[in-house]
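[1] Have a look at this prediction, sequence included:
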Amino acid sequence: MAFSQSHVMAARRHQHSRLIIEVDEYSSNPTQAFTFYNINQGRFQPPHVQMVDPVPHDAPKPPGYTRFVCVSDTHSRTDPIQMPYGDVLIHAGDFTELGLPSEVKKFNEWLGSLPYEYKIVIAGNHELTFDQEFMADLIKQDFYYFPSVSKLKPENYENVQSLLTNCIYLQDSEVTVRGFRIYGSPWQPWFYGWGFNLPRGQALLEKWNLIPEGVDILITHGPPLGFLDWVPKKMQRVGCVELLNTVQRRVQPRLHVFGHIHEGYGVMADGTTTYVNASVCTVNYQPVNPPIVIDLPTPRNS
Ligand code: 5GP
Ligand code: MN
Ligand code: MN
């Protein structure tokens, strides 16, 4: 594979504008990209990219810090989860199995029982009813892959977001809490036509281009390429290379929380960003991975 000019120029500083990220030539083949970057000691494998031990739940919070409790992929199985002390809860999507209103209500009740000052939630590919375009297609094509969802009447899910009364729901949007700018987005690379699926490459990059620079905490449902995105049964890294470029080259958040690839549960860091795959459920949908705690210094102006 030649080291092409287009790749070298994948991110470049335009004369008068901000850093522009362009589609990566490896977007359609992340496995090949991972091999390439490994061999060349590329963007995500320099020596300072490391696995990080999660903070123990009983560790004292340093003064002046905000404690984030990160979860994702709880898939309507919240009952056994032991929730630790913290200030802000982050849920990175897949809180249901199918996005049924009954599941959303149950999840919202669980949120209501938790003591955090702020609770921030995004959708994942399993929150089918949150993806209005997906639902419109489902009805139009009358297809039967999701029979229990097809049975729902539009009036029962059109406003499904409004069932989430106990959290701040982000969908390509931003909120500032305790002085942290937090941005959330549900999209992920196409995989069997679930909610918020988009083709790799330009389509996903257009969503990532909506993320403003200066965001402190990024929440996406899926991982960036090379970080906690390994699917052992496929021997593949399935993270999004456009998301990687966006995170490392343009946005450079302090913290990037995601899930989706249940097998990738854990924490990594590259010296600028801490990456958290907060999947509570295993690949067999057992909710056994503990929530991940991250302490960040609270911005002075908050
Ligand atoms: P979920 O259905 O909860 O979104 O994802 C569950 C599991 O499906 C993941 O842990 C992973 O094993 C698999 N999976 C999800 N997305 C992808 C993908 O893009 N590629 C591959 N190979 N597997 C995926
Ligand atoms: Mn999941
Ligand atoms: Mn998912």
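    Noted; the coordinates are in hand. Ligands and ions are numbered 1, 2, ... in the order given.

[2] what's near enough to touch Gln161?
    Residues counted as contacts of Gln161 (Cβ atoms under 8 Å, 6 or more residues apart in numbering) are Phe130, Tyr169, Gln171. To be clear about C-beta, it is placed using only N, CA and C from the backbone, and glycine gets the same treatment.

[3] next one: Val23
    With the criterion set at Cβ under 8 Å, 6+ apart, Val23 makes contact with Ala10, Gly201, Gln202, Leu205, Glu242.

[4] May I ask which helix or strand encompasses the residue lying closest to the second one once chain neighbours are set aside?
    Same thing as Gly201. Nearest residue to Gly201 in three dimensions, chain neighbours excluded: Ser27, at 4.1 Å (Cβ to Cβ, 6 or more residues apart in numbering). Counting by DSSP states H and E, no helix or strand carries Ser27.

[5] what distance separates the start and the end of stretch 150-166?
    Its start and end residues considered, stretch 150-166 measures 27 Å (Cα to Cα, to the nearest Å).

[6] re the thing from before, got the contacts of Gln161 as TSV, with neighbour count columns?
    Output for the contacts of Gln161, formatted as TSV (neighbours: other Cβ atoms under 10 Å):
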residue	neighbour count
Phe130	25
Tyr169	19
Gln171	16
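
[7] Which of those residues sits closest to Ile294?
    Tyr169 (20.8 Å; Cβ to Cβ).

[8] residue ranges of the strands in the stretch 201-302 of the chain, please?
    217-220, 230-231, 236-237, 255-258, 266-269, 274-277, 292-297 (DSSP state E, counting those that start in this stretch).

[9] Export these to CSV and append columns for distance to Trp110, mean neighbour count and mean pLDDT.
    CSV is the format used below for the strands of the stretch 201-302 of the chain (distance: least, Cβ to Cβ, whole Å; neighbours: other Cβ atoms under 10 Å; pLDDT from 0 to 100):
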stretch, distance to Trp110, mean neighbour count, mean pLDDT
strand 217-220, 18, 28, 99
strand 230-231, 28, 16, 90
strand 236-237, 32, 20, 87
strand 255-258, 18, 28, 98
strand 266-269, 24, 19, 95
strand 274-277, 20, 27, 98
strand 292-297, 18, 20, 98
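
[10] I'd like the ones you listed as TSV, with distance to Thr78 appended.
    Below are these laid out as TSV (distance: least, Cβ to Cβ, whole Å):
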stretch	distance to Thr78
strand 217-220	18
strand 230-231	25
strand 236-237	29
strand 255-258	17
strand 266-269	21
strand 274-277	18
strand 292-297	16
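
[11] What about Asn108, how many residues nearby?
    Residues within reach of Asn108, counting by other Cβ atoms under 10 Å, total 17.

[12] Tell me the helices and strands packed up against the helix or strand harbouring it.
    In this structure, Asn108 sits in helix 101-112 according to DSSP H and E. With contacts taken as 3 or more Cβ pairs under 8 Å, 6 or more residues apart in numbering; DSSP states H and E, helix 101-112 sits against no other helix or strand.

[13] can you give me the mean pLDDT across that helix?
    Taken as a whole, helix 101-112 carries a mean pLDDT of 98.

[14] what residues does the chain put near ligand 1?
    Within reach of ligand 1 by Cβ under 6 Å from any ligand atom, the chain has these residues: 73, 94, 125-126, 189, 191, 231, 234, 236, 238, 260-263, 283.

[15] which of those sit farthest apart?
    The widest separation within the residues of the chain next to ligand 1 (Cβ to Cβ) is 20.6 Å, between His126 and Gln236.

[16] thinking again about what came up before, export the contacts of Val23 to JSON lines and append columns for neighbour count.
    JSON lines is the format used below for the contacts of Val23 (neighbours: other Cβ under 10 Å):
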{"residue": "Ala10", "neighbour count": "21"}
{"residue": "Gly201", "neighbour count": "18"}
{"residue": "Gln202", "neighbour count": "13"}
{"residue": "Leu205", "neighbour count": "21"}
{"residue": "Glu242", "neighbour count": "28"}
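
[17] In three-state terms, label Lys140 for me.
    helix (DSSP: H, G, I helix; E, B strand; the rest coil).

[18] which ones are touching it?
    Lys140 touches nothing, counting by Cβ under 8 Å, 6+ apart.
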